[in-house]
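In: requesting a structural model of the entry that follows:
(chains A and B)
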2 protein chains.
Amino acid sequence: MARPDTVVNLADKLAQIAEHWSPRTVGQLNDLHIKVVKLQGEFVWHQHDDTDEFFLVLSGKMTIQLADREDVTLGAGEFFIVPKGVQHRPVAAHECEVVLLEPAGTVNTGDAESSELTADPAWL
Amino acid sequence: MARPDTVVNLADKLAQIAEHWSPRTVGQLNDLHIKVVKLQGEFVWHQHDDTDEFFLVLSGKMTIQLADREDVTLGAGEFFIVPKGVQHRPVAAHECEVVLLEPAGTVNTGDAESSELTADPAWL
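Out: Numbers count the residues shown, from 1 in each chain, chains lettered A, B, ... in the order given. Down below sits the predicted model:
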């Protein structure tokens, strides 16, 4: 499914996701993918050399650890944009629901070696 | 202010906006602007020839009237992407708070003649 010409309910999409760290694509704006993901635990340190990355928390709380600067913590209704080229690691003590914005084709683990956390952000 | 390297709280930004139909820019992801806007009443019919436009409702309810297809109605937590080149008119019976995503430089009234509704989406 691509570019659905329908209203998308974010909570309904998230309710269909069981795994953590497995983003799913729910919309496309020009070349940008709108994704939803459930986070819990610690991701890998990585960076995206060619793109900024947008995180908006819908429920729960997450921290984005950033190389060479203070961590940022996001609660519901808060967003942060990691600039391209900045090493970062998302972590969440408890389950956290997030909207991601990044160009189509962006790999979730960025420049980090492919791992079990590398996910295919299939359409949902 | 541009590209703030800070956490952005959407409710805090919206609380600073008094006018309807006056989008303000609160973030930038690559060439894309993240905006917040309060809607109430009826906008003008218009289209954006070069870009899709993303509407996410945070509170309230809005309808996007679309040329040649059924209107869509969005409640909190729901989004819709108007494809480029599609005539549309946002309307809201009561105040509705919305996140918009569109490329930097996008004019809110699109191809419609400049009017009192044409707004400068200044940074907030």
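In: doesn't A:Ala11 lie inside a helix?
Out: Yes. Remark: A:Ala11 belongs to a helix, assigned using DSSP: H, G, I helix; E, B strand; the rest coil.
In: contact residues of chain A facing chain B?
Out: Residues of chain A found near chain B (Cβ under 8 Å from any Cβ of the partner chain) are A:3, A:5-11, A:27-30, A:32, A:34, A:51-54, A:58, A:72-74, A:77-81, A:83-84, A:101-103. Where you see a C-beta, it was placed from the backbone N, CA and C, and this is true even at glycine.
In: buried among those residues? Make that a PyMOL selection.
Out: Of the residues of chain A next to chain B, the buried ones can be selected in PyMOL as follows, counting by 16 or more other Cβ atoms under 10 Å in any protein chain shown:
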select buried, chain A and resi 7+8+9+10+27+28+29+30+32+34+51+52+53+54+58+72+74+77+78+79+80+81+83+101+102+103
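In: so which of the residues of chain A next to chain B are in strands?
Out: Within the residues of chain A next to chain B, residues falling in strands by DSSP state E are A:8-9, A:27-29, A:32, A:34, A:53-54, A:58, A:72-74, A:78-81, A:101-103.
In: where are the low-confidence patches of chain A?
Out: Across chain A, the ranges flagged by pLDDT under 70 are A:1-4.
In: identify the residue nearest the geometric centre of it.
Out: A:Leu100 (4.0 Å; Cα atoms, centre = their mean).
In: so that one sits against A:Phe54, correct?
Out: Yes. A:Leu100 is in contact with A:Phe54 according to Cβ atoms under 8 Å; the separation is 6.5 Å.
In: straight-line length of stretch A:17-33, end to end?
Out: In stretch A:17-33, first residue to last residue: 17 Å (Cα to Cα, to the nearest Å).
In: typed the wrong thing, it's stretch A:52-70
Out: In stretch A:52-70, first residue to last residue: 18 Å (Cα to Cα).
In: in that stretch, what's buried?
Out: Result for stretch A:52-70 [16+ other Cβ under 10 Å]: buried residues A:52-66.
In: go on, stretch A:81-94?
Out: Buried residues in stretch A:81-94, counted by 16+ other Cβ under 10 Å: A:Ile81, A:Val82, A:Pro83, A:Val86, A:Gln87, A:His88, A:Arg89, A:Pro90, A:Val91, A:Ala92.
In: contacts for that stretch, please.
Out: If you take Cβ atoms under 8 Å, 6 or more residues apart in numbering or on different chains as the criterion, stretch A:81-94 is touched by A:39-55, A:60-68, B:3, B:5, B:27-30.
In: what strands line up against the host helix or strand of A:Gln40, and which way round?
Out: When elements are assigned from DSSP states H and E, A:Gln40 belongs to strand A:32-42. With DSSP bridges as the test, strand A:32-42 is paired with strand A:24-29 (antiparallel), strand A:88-103 (antiparallel).
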